[in-house]
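*Asks:* Pasting a predicted model and its sequence here:
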Amino acid sequence: MADAYARAISEYPIRHRVKPGITGWAQVNDYVENWSVTFDLLILGQTFSQSYREQMQSDREVERSDEAMMGGGMRLSDDLS
């Protein structure tokens, strides 16, 4: 099957030079041809930024849930600290 892909997609074998990551982003986005330390740092920064935004969103959802459960009074998370 890999041989069929290699014949159909000229850059298919190049994708196997990179170890697969969690998401496969490198293989899908032609990272191999565009690799640089700067690009790695950009990806790392975007990863941390996205993780931070998702954590902040999750925290806000917990706060809203706590307030709804307590009728707008004390939050359950206040009791845990």
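*Replies:* Received it, and whenever you're ready, just let me know what you need. Numbers count the residues shown, from 1 in each chain.
*Asks:* from here on, contacts and neighbour counts on C-alpha atoms
*Replies:* Will do.
*Asks:* Now stretch 49-56 - C-alpha only, CSV.
*Replies:* Output in CSV follows, covering the C-alpha atoms of stretch 49-56 (Å, rounded to 0.1, in the frame of the first residue of the first chain):
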residue,chain,number,x,y,z
SER,A,49,-0.8,29.8,23.7
GLN,A,50,-3.6,27.4,22.7
SER,A,51,-3.2,25.3,25.8
TYR,A,52,-3.4,28.5,28.0
ARG,A,53,-6.6,29.7,26.2
GLU,A,54,-8.2,26.3,26.6
GLN,A,55,-7.4,26.3,30.3
MET,A,56,-8.8,29.8,30.8
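*Asks:* now that stretch, how far from the chain's geometric center?
*Replies:* 10 Å (Cα atoms, centre = their mean, to the nearest Å).
*Asks:* Can you show me the helices along the chain?
*Replies:* Listed in chain order, the helices of the chain (DSSP state H) span 2-8, 25-28, 31-34, 37-69, 76-80.
*Asks:* which secondary structure elements does the longest one contact?
*Replies:* Packed against helix 37-69 by the contact rule (3 or more Cα pairs under 8 Å, 6 or more residues apart in numbering; DSSP states H and E) you find helix 76-80.
*Asks:* domain assignment for this structure?
*Replies:* Here the domain parsing of the chain from automatic domain parsing is 1-34, 36-81.
*Asks:* pLDDT averaged over the last one - what is it?
*Replies:* Just to be clear, that refers to domain 36-81. Mean pLDDT, domain 36-81: 79.
*Asks:* any idea which residue sits dead centre in the chain?
*Replies:* Thr47 (5.6 Å; Cα atoms, centre = their mean).
*Asks:* Please report how far that residue lies from Val62.
*Replies:* Separation of Thr47 from Val62 (Cα to Cα, to the nearest Å) stands at 23 Å.
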